[in-house]
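**Student:** here is the input, now give the coordinates:
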Amino acid sequence: MNPTPASEADGPGIPQHRGQDGPAAPGRVEATTVPRQKSVHHGDPTPPAYGPDSGPETPAGQGRGPDPLDDPDPLRAADAAGTENLLRCWTRESDLPRPDGDILRIAFPASGTALLVRVLYWSATGTHRFGAAVLENAPADGPPADAATVAVLIGREGGESGAGDLVARVADSVRHTAGFIEQRRRSPADPAGADLFLTAEQSLLLGHPLHPTPKSREGLTESESRRYSPELHGSFPLHWFAVDRSLIATDSAWTEGGPATADELLAPHAEGLTLPPGTVAVPVHPWQAADLLHRPQVRALADTGLLHDLGPHGEHWHPTSSIRTVHRPGARVMLKLSLGVRITNSRRENLRKELHRGVEVHRLLSTGLAERWQREHPGFDIVRDPAWLAVDDPEGAPVTGLDVMLRHNPFGPGDDAACIAGLTAQRPRPGRPGMRSRLAEAVSHLAARTGRSTTAVSAEWFRRYLHHVVRPVLWLDAHGGVALEAHQQNTLVLLDPDGWPVGGRYRDNQGYYFRDSRRAELEQRLPGIGAVSDTFVSDPVTDERFAYYLGINNVLGLIGAFGAQRLADEQELLTVLRQFLTETAELGSPLPAYLLENRQLRCKANLLTRLHGLDELVGPVDTQSVYVTIANPLHS
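**Tutor:** Have a look, this model is predicted:
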């Protein structure tokens, strides 16, 4: 397929990426390998161990020694995680080849040096594990390069204006991660008790393994981070404003438990507030409240008596993995709040079109589409976003950041719903040695319970995941013309008491692609669809993004987690995936054939996106991020 306009963001000095089957453009980063007698592991389920929890079938304490993530010093462990992320990103986005040995040499011509990186595990899907990285020609007893040093080298190579920002945000991400690791090593892992959904939401200590700054939170102080971070089990009451009713913008298609408006759904949580006559209570994140009061648009409303600051009020809410969406066990709603903090690549403030989009999708599903869908896939659904409340100024312009989206809370205390990013996340468990994921624990439990091997259980778990979670997403694309931005944090798997997948959920009012080729059909279902939500996307861009989010990020990322955590052979799981895609091609979604037939795939480049200083919530969907071309592991 032709490159999308996102590729035009590649500026001077950034290599143009062609994947393993195409020529490298001038300026491509040089990578060479240094052979060693012992070859690096490439997918054997029983590799040499590098830590006490490297896998149920791997003898502990053999081979390479402790995993760098288990370093007793939380800062060194966090820095190792940050360095690995940068190296994984640079390896993928620069299309570096697999080494012949266990040392990868990465040249940085702009700095006149190179890094020698110990490869602990080379992943067919990009989830590599790296050990120490040392500067070539550095003293033999010198320290390894830290994450900030690696960020400097990468930034110079890119030659982009965002290089300095990258270094600062890498340091910020490492600092936060160190705090998370330290706290989790000494505190109970699950203070939320029986609320399994919240426990899963709080487990992403290291963040996205292919993002350069997964835990950067620009704008939060140390005390604010402790209060607002899910990884630290933060919680807080909401901050409330009373806004003149004439300025309220709202919509609701809420049907769960009977029709309700947004302010009716919020009323139980505002109970006890004294509202001035003619006003409506609007909740905001407490960090956002302090920031809003310094904005001229909000200050003007307060000065004219159209807005009143009521302060914090009510019960405590818990941040979920997105930080700005908050959950309260037993509440009827979850709240997606605006938060002007730069998290990963973007300021997380609700856009008005996204508020419309959530309600619109709920209405679309209510036309009978959901009924058809769930006859085929009763265990899967979208977590609905059917109501919102926001504020306009007297001239009718949206007051950015003063809004709330109301999300249906479908999870009771016993529902084991875990986002895939949380399920695969490595984390310490007090009283147990080493980092380990919930996925590894589930596979170990099932292997012991069934008497089957870890690799056999992993393959069966993966098959069930594809059936219960991925197949329904393909059905909706085929029969509804709606592709979901189903990356690992937006995709929830429902687990039975033994840990097998039995269903799934998708969440995110930002992540819908209405296929332009299906416009007439969708218009017939819901007249006026897309007019204010700006959700129709050309089929080529939809195919590219769907292949990245569901194919690369979600499914191939899950395969990489199985492999890197020593649970399964990635090549065996790729065989399972090929069989699944062949079988599901008959559904009618273009994605199975797209993944099976293309030798190269377009892949979001989080590191280059960061270097270019792009905010992924700003601008047209096809130019919000940098995309590069990578080899399709289904063909490798």
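**Student:** okay, which residue is most central for the chain?
**Tutor:** In the chain, the residue lying closest to the centroid (C-alpha atoms, centre = their mean) is residue 489, at 4.0 Å.
**Student:** before we move on, what SS does that residue have?
**Tutor:** Three-state call for residue 489 (DSSP: H, G, I helix; E, B strand; the rest coil): coil.
**Student:** could you measure from it over to residue 203?
**Tutor:** Residue 489 sits 12 Å away from residue 203, going by C-beta to C-beta, to the nearest Å. Yep, even glycine has a C-beta here, placed from its N, CA and C like the rest.
**Student:** list residues touching both of these two?
**Tutor:** Here residue 489 and residue 203 have residue 422 as joint contacts, going by C-beta atoms under 8 Å, 6 or more residues apart in numbering.
**Student:** distance-wise, check the nearest residue to residue 183 once chain neighbours are set aside relative to residue 176.
**Tutor:** Spatial nearest neighbour of residue 183, excluding adjacent residues (C-beta to C-beta, 6 or more residues apart in numbering): residue 232 at 5.6 Å. Using C-beta to C-beta, residue 232 is found at 9 Å from residue 176.
**Student:** go on, residue 157?
**Tutor:** 26 Å.
**Student:** and if you look at residue 331?
**Tutor:** Taking C-beta to C-beta as the measure, residue 331 falls 27 Å from residue 176.
**Student:** more neighbours, these two?
**Tutor:** Taking other C-beta atoms under 10 Å, residue 331 and residue 176 do not tie; residue 176 has more neighbours (24 against 15).
**Student:** ok, that one - contacts?
**Tutor:** When contacts are counted by C-beta under 8 Å, 6+ apart, residue 176 touches 215-217, 225, 229, 231.
**Student:** at 7 Å instead, please
**Tutor:** If you count contacts by C-beta atoms under 7 Å, 6 or more residues apart in numbering, residue 176 has them with 215, 217, 225.
**Student:** and it, which of the three is it?
**Tutor:** Recorded secondary structure, residue 176: helix (three-state DSSP).
**Student:** can you tell me which of the contacts of residue 176 are in helices?
**Tutor:** Mapping these onto helices (DSSP state H) picks out residue 225.
**Student:** and the contacts of residue 176, which is closest to residue 400?
**Tutor:** For those, the minimum distance to residue 400 (C-beta to C-beta) is 19.7 Å, reached by residue 217.
**Student:** residues contacting residue 428?
**Tutor:** 181, 184-185, 435.
**Student:** sort out which of these are in helices and list them.
**Tutor:** Residues of the contacts of residue 428 located in helices (DSSP H): 181, 184-185.
**Student:** any chance of the residues you listed in TSV, with distance to residue 513 too?
**Tutor:** Compiled in TSV, the ones in helices among the contacts of residue 428 are given as follows (distance: C-beta to C-beta, whole Å):
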residue	distance to residue 513
181	36
184	36
185	41
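**Student:** quick one on the thing from earlier: what backbone torsions are found at the residue nearest to residue 183?
**Tutor:** The phi/psi pair for residue 232 (degrees, to the nearest 10) reads phi -100, psi 10.
**Student:** what do you get for the one 4 residues further on?
**Tutor:** For residue 236, the backbone dihedrals (degrees, to the nearest 10) come out as phi -170, psi 150.
**Student:** surely it and residue 314 touch.
**Tutor:** No: with contact defined as C-beta atoms under 7 Å, residue 236 does not count as touching residue 314 (10.1 Å).
**Student:** could you pull out the helices for the stretch 151-300 of the chain?
**Tutor:** 163-186, 196-201, 222-228, 262-270, 286-292, 296-303 (DSSP state H, counting those that start in this stretch).
**Student:** so which of those helices is nearest residue 632?
**Tutor:** helix 163-186 (28.3 Å).
**Student:** picking that back up, which ones are touching the residue nearest to residue 183?
**Tutor:** 180, 183, 226.
**Student:** just send those back as JSON lines, with neighbour count, pLDDT and distance to residue 319 too.
**Tutor:** Converted to JSON lines, these look like this (neighbours: other C-beta atoms under 10 Å; pLDDT from 0 to 100; distance: C-beta to C-beta, whole Å):
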{"residue": "180", "neighbour count": "24", "pLDDT": "96", "distance to residue 319": "13"}
{"residue": "183", "neighbour count": "17", "pLDDT": "93", "distance to residue 319": "15"}
{"residue": "226", "neighbour count": "14", "pLDDT": "91", "distance to residue 319": "12"}
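**Student:** closest one to residue 383 out of those, please.
**Tutor:** residue 180 (25.5 Å).
**Student:** now do the SS call for the closest residue to residue 480 other than its chain neighbours.
**Tutor:** Spatial nearest neighbour of residue 480, chain neighbours left out: residue 369 (5.3 Å); criterion: C-beta to C-beta, 6+ apart. Of the three states, residue 369 takes helix under three-state DSSP.
**Student:** residue 369: neighbour count?
**Tutor:** As a burial measure, residue 369 scores 19 neighbours (other C-beta under 10 Å).
**Student:** tell me how far it lies from residue 150.
**Tutor:** Distance of residue 369 to residue 150, given as C-beta to C-beta: 47 Å.
**Student:** now residue 275
**Tutor:** As defined by C-beta to C-beta, residue 275 lies at a distance of 53 Å from residue 150.
**Student:** sorry, back to before: right, and the residue nearest to the centre of the chain touches residue 418 too?
**Tutor:** No: if you go by C-beta under 7 Å, residue 489 and residue 418 don't touch, sitting 11.0 Å apart.
**Student:** ok, now which ones touch residue 598?
**Tutor:** Residues near residue 598 by C-beta under 7 Å, 6+ apart: residue 632.
**Student:** again with residue 342
**Tutor:** With C-beta under 7 Å, 6+ apart, residue 342 has these contacts: 218-219.
**Student:** need the three-state assignment for it.
**Tutor:** strand.
**Student:** circling back: most packed of the helices of the stretch 151-300 of the chain?
**Tutor:** Most buried of these, by mean neighbour count (mean count of other C-beta atoms under 10 Å): helix 196-201, with a mean of 24.
**Student:** can you show me the CA trace of it as PDB?
**Tutor:** The C-alpha coordinates for helix 196-201 follow below in PDB (Å, rounded to 0.1, in the frame of the first residue of the first chain):
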ATOM      1  CA  LEU A 196     -10.100  -7.200  40.300                       C
ATOM      2  CA  PHE A 197     -10.700  -4.600  37.600                       C
ATOM      3  CA  LEU A 198      -9.100  -1.800  39.600                       C
ATOM      4  CA  THR A 199      -6.200  -4.100  40.600                       C
ATOM      5  CA  ALA A 200      -5.500  -4.800  37.000                       C
ATOM      6  CA  GLU A 201      -5.700  -1.100  36.100                       C
END
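**Student:** quick one: mean pLDDT for it?
**Tutor:** Here helix 196-201 scores 93 as its mean pLDDT.
**Student:** same for it, what does it pack against?
**Tutor:** strand 417-419, helix 420-423 (3 or more C-beta pairs under 7 Å, 6 or more residues apart in numbering; DSSP states H and E).
**Student:** who touches the shortest one?
**Tutor:** Going back to what we said before, that points to strand 417-419. For strand 417-419, the surrounding residues in contact (C-beta under 7 Å, 6+ apart) are 197, 200, 321, 411, 438, 488-489, 491-495, 505.
**Student:** also stretch 300-316?
**Tutor:** The contact list for stretch 300-316 (C-beta under 7 Å, 6+ apart) reads 235-244, 247, 269, 272-273, 276, 279, 286, 293, 298, 328, 393.
**Student:** if we go to 6 Å?
**Tutor:** With C-beta atoms under 6 Å, 6 or more residues apart in numbering as the test, stretch 300-316 has contacts from 235, 237-244, 269, 273, 276.
**Student:** just the buried residues of these.
**Tutor:** Neighbour-count burial (16 or more other C-beta atoms under 10 Å) applied to those gives 235, 238-244, 269.
**Student:** could you dump those into JSON lines and include pLDDT and distance to residue 511?
**Tutor:** Shown next, in JSON lines, are these (pLDDT from 0 to 100; distance: C-beta to C-beta, whole Å):
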{"residue": "235", "pLDDT": "95", "distance to residue 511": "27"}
{"residue": "238", "pLDDT": "98", "distance to residue 511": "25"}
{"residue": "239", "pLDDT": "98", "distance to residue 511": "27"}
{"residue": "240", "pLDDT": "98", "distance to residue 511": "29"}
{"residue": "241", "pLDDT": "98", "distance to residue 511": "29"}
{"residue": "242", "pLDDT": "98", "distance to residue 511": "33"}
{"residue": "243", "pLDDT": "98", "distance to residue 511": "29"}
{"residue": "244", "pLDDT": "98", "distance to residue 511": "33"}
{"residue": "269", "pLDDT": "97", "distance to residue 511": "26"}
